[in-house]
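>>> Give the three-dimensional model of this entry:
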Amino acid sequence: MIDLRSDTCSKPTEAMRQAMAGAPVGDDVYSDDPTVKELEHEVAAFLGKEEAVYMVTGTMTNQVAIRAHTEPGDAVFFDQNAHVYILEGGAPAAYSGVLPRLLPGVRGVFTPADLRAAMGVPHRFFPATIPAPPKLLCIENTHNIGGGKVWPMERLQEVCSTAREMNLALHLDGARLWHASVATGIPEHEYASLFDTVSICFSKAMGAPVGSVLAGPRSFIARARRFKQQIGGGFRQAGIIAAGALYALRNNRERLVEDHHRAKMLAEGIAQLPGIDLDPGTVETNIVRFRVTNMRSTDFVDLLYDRGLHVLPSGTDGVRAIPYLNISDADIKRAISIIESVALEHAHESMEAMNSDGAETATAVRSSSGY
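All right, here's what the predicted structure looks like:
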């Protein structure tokens, strides 16, 4: 089975496993696991932040960040298709009690004008205390549902500057920030410098089995540690898994360009197939999203699975595929072949059905005309 469901399906290399097996450990709840402390210190320095805290998942780092930035009843701005809003179990409302205010992003990217319009203009006839006061803007780079879209740096700077003028705090969901940096050549710390807090993930294409890190000001991270513990995020001998993340940070970033190459290879290999709607030019990083135009995406995904290719359905007609650390060029070529076989067979069946319907209609017309 070629598994392209997600880069979270990546597995540790033998060298990473050895690093994990030999990691010195302590008790992270008591802040004395040396490997966790080393990871947190290194990530903070890497992103240009004062401090960082290691957690189980990117969902946890994002949601702890929202909770630490806000109080219940505050409003938070999200892109309408942000992972933190769409794919994290309703946690902003359930855990932090915040009101999502959605922005009309295009593949996850919106404008300063979009942000100003959503903020509105105060007036003496309409007290500012009636709507929930906005406190935070969350931005995702790269954008998952946007197909791995990278925020253009100039646009990102403009939006963040506008948010500062509005006294909004800024959080970056940088689960795949590594990919944005590889694609643009802009270092991660330059992206991070625009934000108060940043979440990054090691369990996607970086190959680590567990973990994300939230980085930001020292006082903020101290508050975040409280909420991490509050929702059951306290580790014990976490150095074993933190060592995998540390190895990934030091060794697996530069190879991400291979994932981008394979994503483009996949997109170009299937874009012209019947029933596939895909512009390869939209594939900027490691995520390939396309539409199936002649059947339900769930049926299409099932047919692929039966032939040895595992991908994810997305909505009624969308499909997502992501190459990662353990996927080879040969795997991508085979994936293209499988998708082609399903697409061509279904196109042939659809054509036969149309011809059959046409013949039946013609027979009916002749019969009704007295032939």
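
>>> residues in contact with Arg307?
By C-beta atoms under 8 Å, 6 or more residues apart in numbering, the contact set of Arg307 is Ile338, Ser341, Val342. C-betas here are computed from N, CA, C, even on glycine.

>>> Relative to Ile327, how far out is the nearest residue to the second one once chain neighbours are set aside?
If I follow you right, that is Ser341. Once its chain neighbours are removed from consideration, Ser341 has its nearest residue in Arg307; the separation is 6.7 Å (C-beta to C-beta, 6 or more residues apart in numbering). Separation of Arg307 from Ile327 (C-beta to C-beta, to the nearest Å) stands at 17 Å.

>>> Ramachandran angles for Ala75?
As for Ala75, its main-chain torsions (degrees, to the nearest 10) stand at phi -100, psi 150.

>>> Wait, it touches Val98, no?
Yes - judged on C-beta atoms under 8 Å, Ala75 makes contact with Val98 at a distance of 6.6 Å.

>>> So for those two, which residue has more residues nearby?
When Ala75 and Val98 are compared for neighbours, Val98 comes out ahead with 24 against 18, by other C-beta atoms under 10 Å.

>>> Might you list the low-confidence residue ranges for the stretch 51-200 of the chain?
Per-residue confidence for the stretch 51-200 of the chain (pLDDT under 70) gives these ranges: 127-131.

>>> Secondary structure element for the nearest residue to Val210 once chain neighbours are set aside, which one?
If the residues on either side of it in the chain are set aside, Val210 comes closest to Ile241, at 4.3 Å by C-beta to C-beta, 6+ apart. Counting by DSSP states H and E, the element that carries Ile241 is helix 239-251.

>>> Following that helix in sequence, what is the next regular element?
Sequence-wise, the next helix or strand downstream of helix 239-251 (DSSP H and E) is helix 256-270.

>>> what about the residue nearest to Val210, how many neighbours?
Under the criterion other C-beta under 10 Å, the count of neighbours that Ile241 has is 25.

>>> Ser212 is in contact with that one, correct?
No - Ile241 is not in contact with Ser212 according to C-beta under 8 Å; the separation is 11.3 Å.

>>> dump the residue contacts of the spatially most central residue of the chain.
Among the residues of the chain, the one closest to the centroid is Asn144, at 3.5 Å (C-alpha atoms, centre = their mean). With C-beta under 8 Å, 6+ apart as the criterion, the residues that contact Asn144 are His83, Leu87, Gly108, Ala175, Arg176, Ile287.
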